[in-house]
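*Asks:* need a structure here:
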Amino acid sequence: MNFLRWPWVRRRPDGPPDATPAHSDWSLRQRLLLAVMGTSVGLWLTSLAIVVGVAWFATSEVFDDALEEGSRLVLQIGLPGEAAGGIQDPRAQRSDTLKLRMYYQLVAPDGRVLLRGEDTPKTAFLPDARRKTMATVRAEGAFWRVHVRPGPGGVTVQVAQPMEERLDLLEELAENLAWPALGLLAMLGLLSWFLIRRLLRPLEDTAMLIDVKSPHDLTPVQTPNPPRELQPILDALNALLARLSTALDSERRFTSDAAHELRTPLAALRMRVQLIERELQLPNAHLRQLRADLDRCTALVESLLALARLEPQAEPLVREDVVLDALLDNLNMEASAPGIRMERALAVPKLHAAPTLLASALRNLIDNAVRYGREGGRVRIESSRLPSGGTRLAVRDDGAGVPPDQRARLGERFFRVLGTEQTGNGLGLSIVARIAALHGATLRFEDGLEGQGLGVVVDFPPD
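*Replies:* A predicted model of the protein is given here:
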């Protein structure tokens, strides 16, 4: 028997990785209830067997005493005046109200039945019996419990009871015991389910407290008066959350410090390149390329710094109603996109969001649309109301666009579509994706204007 397949038996942690319980989806409540009820049923069956066994031995002694007393009474009543072999004695007629009837025989020394009661076998139970005894015999295809008492002249009185009738009485006793016990088992099951559910409530409460944890909240899990068995789990979990919080803080601090420290030398280096260009007083392709590379490095550092600031923070976002027209005016993206026609279709004039983060997202989206759009093309900023009550914000262009099979990777860090011949660092859409996640919004990509270019759509949930 493989006990490891039982749902309540723990597996050793050093077991094979694929060794999982047969009922791995069973809850702890189900396992406890099964264990309690299985043990209760086993003990109930054992106790029933013990009770039936004790009742069997006790009643057998009582019935044997009754047989002995019956044989004594038969001798006291006396033998019939004229005994014809096999004649039934009318005095032996039984009463139908008796649970167990007794059958008696008067047996001659030679084994002949001189007198017998109604329905008593015609042959002697113990033909050769000469002394007082108690025995179980088989007669006429059935087992009988017989008591033999010697009488005068070598005649013996043999009083018997069928073992089948004794077993029937014992079966009736077992049934009478079983039904109340089954009712008690049902009550035990309901009471066990209620108590187990109530006693496991701290686990459910703790699970709810853990479920609401997020990268924004890595504070220790606190439960009032936790059970002693649950406290080590809480201590280990809180220690893990503390280590995770420390690691995230260290990562954010390193990224922010590194990006911040890189800005100054890059700016100084770019200034020196400009001074060299002025001193040479003539255009130099290598210096122009060096300045472009420095601008790209500076943009990359700025993007990394922005991503570091967007990493999960313990403080929630401070949101307010942002007027989209005013926000776009402040961005003034038209000045950096000569030859590109900017359009606005703002059916929803306001959006409830963090102003600084929303401005950063729109700046990146519009910059991408301008950078990868076509010369003399269009970029349109749209806002509309969703059926769910949320707000849709989209930026579309009519440029070359992105193949549908590559759109799923647009939000990945440092991913750039090949063949665009445009500079970039592949972090702009990653910043937009992070801002959308912080607002609980969804980011997706589709076709742009009139089936051309790319459309970036951000669906914000209802306020």
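*Asks:* Tell me which stretches of the stretch 351-463 of the chain form helices.
*Replies:* Ranges of helices within the stretch 351-463 of the chain are 355-372, 428-438, based on DSSP state H, counting those that start in this stretch.
*Asks:* Equivalent analysis for the stretch 51-200 of the chain, please.
*Replies:* Under DSSP H, counting those that start in this stretch, the stretch 51-200 of the chain gives helices at 163-199.
*Asks:* Now residue 345. Nearest residue, chain neighbours left out?
*Replies:* residue 382 (4.5 Å; CB to CB, 6 or more residues apart in numbering). Every C-beta, even on glycine, is put in place using the N, C-alpha and C of the backbone.
*Asks:* since we're on residue 40, how many residues are nearby?
*Replies:* By other CB atoms under 10 Å, the residues close to residue 40 number 15.
*Asks:* Please tell me the pLDDT value assigned to residue 52.
*Replies:* Note on residue 52: pLDDT of 77.
*Asks:* Next: residue 321.
*Replies:* pLDDT at residue 321 comes out at 90.
*Asks:* what's the helix or strand for it?
*Replies:* In the assignment (DSSP states H and E), residue 321 maps to strand 320-323.
*Asks:* now for that strand, which elements pack on it?
*Replies:* Applying 3 or more CB pairs under 8 Å, 6 or more residues apart in numbering; DSSP states H and E, one finds that strand 320-323 makes contact with strand 350-353, helix 355-372.
*Asks:* could I get the ones you listed as TSV with mean pLDDT and mean neighbour count?
*Replies:* Listed next are the helices and strands packed on strand 320-323 as TSV, based on pLDDT from 0 to 100; neighbours: other CB atoms under 10 Å:
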stretch	mean pLDDT	mean neighbour count
strand 350-353	90	20
helix 355-372	84	21
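*Asks:* could I get the ones you listed as TSV with distance to residue 405?
*Replies:* As requested, the helices and strands packed on strand 320-323 are exported to TSV (distance: least, CB to CB, whole Å):
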stretch	distance to residue 405
strand 350-353	31
helix 355-372	17
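*Asks:* closest one to residue 394 among these?
*Replies:* helix 355-372 (8.8 Å; CB to CB).
*Asks:* relative orientation of the closest one and helix 428-438 in degrees?
*Replies:* Orientation check (axes from the mean of the first three to the mean of the last three CA atoms, to 10 degrees): helix 355-372 against helix 428-438 gives 150 degrees.
*Asks:* quick revisit: of the helices of the stretch 351-463 of the chain, which approaches residue 59 most closely?
*Replies:* Across these, residue 59 has its closest neighbour in helix 428-438 (78.3 Å, CB to CB).
*Asks:* Restricting to C-alpha, output that closest one in CSV.
*Replies:* Extracted in CSV, the C-alpha atoms of helix 428-438 (Å, rounded to 0.1, in the frame of the first residue of the first chain):
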residue,chain,number,x,y,z
GLY,A,428,10.4,54.9,-25.0
LEU,A,429,7.6,52.4,-25.3
SER,A,430,8.9,50.6,-22.2
ILE,A,431,8.4,53.8,-20.2
VAL,A,432,4.9,54.1,-21.7
ALA,A,433,4.1,50.5,-20.7
ARG,A,434,5.3,51.1,-17.2
ILE,A,435,3.3,54.2,-16.8
ALA,A,436,0.2,52.4,-18.1
ALA,A,437,0.8,49.6,-15.6
LEU,A,438,1.0,52.1,-12.8
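*Asks:* counting contacts, what elements does that helix pack onto?
*Replies:* Against helix 428-438 (3+ CB pairs under 8 Å, 6+ apart) you get helix 285-310, helix 355-372, strand 442-447, strand 454-460.
*Asks:* Buried residues, that helix. List them.
*Replies:* By 16 or more other CB atoms under 10 Å, the buried positions in helix 428-438 come out as 428-436, 438.
*Asks:* Same check on stretch 118-129?
*Replies:* By 16+ other CB under 10 Å, the buried positions in stretch 118-129 come out as 120-121, 124-126, 129.
*Asks:* show me what contacts residue 339?
*Replies:* If a contact means CB atoms under 8 Å, 6 or more residues apart in numbering, then residue 339 has 375-376 as its contacts.
*Asks:* Retrieve the pLDDT associated with it.
*Replies:* 76.
*Asks:* From residue 375, how far off is it?
*Replies:* 6 Å (CB to CB, to the nearest Å).
*Asks:* Just the buried positions in stretch 126-146, please.
*Replies:* Buried-residue list, stretch 126-146, by 16+ other CB under 10 Å: 126, 129, 137, 139, 144-146.
*Asks:* so which of those comes closest to residue 397?
*Replies:* residue 145 (104.3 Å).
*Asks:* Show me what that closest one bridges to in the sheet.
*Replies:* With DSSP bridges applied, residue 145 shows beta-bridge pairing to residue 136, residue 161.
*Asks:* Can you report how many residues neighbour residue 402?
*Replies:* Residue 402, neighbours per other CB under 10 Å, totals 18.
*Asks:* just for the stretch 1-150 of the chain, where's the confidence low?
*Replies:* 1-25, 78-100 (pLDDT under 70).
*Asks:* rerun at 80
*Replies:* 1-30, 44, 48, 51-52, 55, 59, 74-101, 117-119, 130 (pLDDT under 80).
*Asks:* do the stretch 201-350 of the chain as well
*Replies:* In the stretch 201-350 of the chain, residues with pLDDT under 80: 204, 212-218, 223-227, 229-230, 245, 247-318, 332-339.
*Asks:* repeat that with 70
*Replies:* 215-216, 252, 255-264, 280-289, 291-296, 298-316, 334-337.
*Asks:* Not counting sequence-adjacent ones, nearest residue to residue 170?
*Replies:* residue 56 (5.7 Å).
*Asks:* Brilliant, that's me finished.
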